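[1] With the sequence up front, the predicted model follows.
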Amino acid sequence: MTRRNPTGGLAARKQSLREQMRERRRALSASEQASHANAVAKTVVARLQDGDTVGVYLVRDGELDLTPLIEICWQRGIAVAVPVIDGQQLRFAAYRRNEPMRRNRFGIAEPAEPAWRTPTLLLAPLVAFDATGQRLGMGGGYYDRYLSAHPDLRRVGAAHECQRVAAVPAADDDVPLPAVVTERGWQSFTPLADTR
């Protein structure tokens, strides 16, 4: 049985799920958001390795806030990198305290003068995830393209537990994650069998 579905209905199912899950994460209270962010920061910090460059995203739209993790990394001298949209590609640039920032076409802050970095550990944002590690993003495909181009990169989704669903509709170019970290901890998944 395959979960991959190339039909046009796939896009509609993804968009419907995307809308439901964005509402769900926006409904979290400020105290829940803060509690989840702190729990995730503690979990991730315990797994960092010497010399890591941690790829993070800057929070928006109810996403799990990685600011506590960023602050801990800065305090400990651990390099942090954030995404920059470069045409149709995603790249990562160094992110330091008081970094001059600009808004990209999606209204997301990114370094004004990027110093390119390749993360060794990437925390990927997501809208929904399932027990196989399948990830539903915002629909632009930026992270899927980046993950496909960097198959050996240590990667984990960052989310609220309420973003877990029974099954994420997936296309052939959607890249599953080996793990997701939520306020309940680090959750590793069995890799999906290649059903193509």
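    It's in.

[2] I'd like the next helix or strand past the helix or strand where Glu71 lies.
    For Glu71, the host element (DSSP states H and E) is helix 67-76. Downstream of helix 67-76, the next assigned helix or strand under DSSP H and E is strand 79-86.

[3] ranges for the helices of the chain?
    9-26, 30-45, 67-76, 142-149 (DSSP state H).

[4] Switch these over to CSV; also include distance to Leu121, mean pLDDT and mean neighbour count.
    For every residue, glycine as well, the C-beta is placed using N, CA and C. Output for the helices of the chain, formatted as CSV (distance: least, Cβ to Cβ, whole Å; pLDDT from 0 to 100; neighbours: other Cβ atoms under 10 Å):
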stretch, distance to Leu121, mean pLDDT, mean neighbour count
helix 9-26, 23, 92, 14
helix 30-45, 8, 97, 17
helix 67-76, 10, 97, 16
helix 142-149, 13, 94, 17
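
[5] can you tell me which of those comes nearest to Thr182?
    Comparison of the helices of the chain against Thr182 by Cβ to Cβ identifies helix 30-45 as nearest, at 6.8 Å.

[6] who's in contact with the closest one?
    28, 54, 62, 64-69, 72-73, 121, 123, 156, 158, 160-161, 181-186 (Cβ atoms under 8 Å, 6 or more residues apart in numbering).

[7] From these, which land in strands?
    54, 121, 123, 156, 158, 181-182, 185-186 (DSSP state E).

[8] Please pick the buried ones from these.
    Burial by neighbour count, judged by 16 or more other Cβ atoms under 10 Å, picks out 54, 121, 123, 156, 158, 181-182 from the ones in strands among the contacts of helix 30-45.

[9] and which of the residues you listed is nearest to Glu23?
    Thr182 (17.9 Å).

[10] Settle this for me: the closest one is touching His160, isn't it.
    Yes: counting by Cβ atoms under 8 Å, His160 is a contact partner of Thr182 at 6.1 Å.

[11] Next, show the common contact partners of the two.
    36, 64.

[12] ok, Arg117 - contacts?
    By Cβ under 8 Å, 6+ apart, the neighbours of Arg117 are 53, 79, 81, 92-94.
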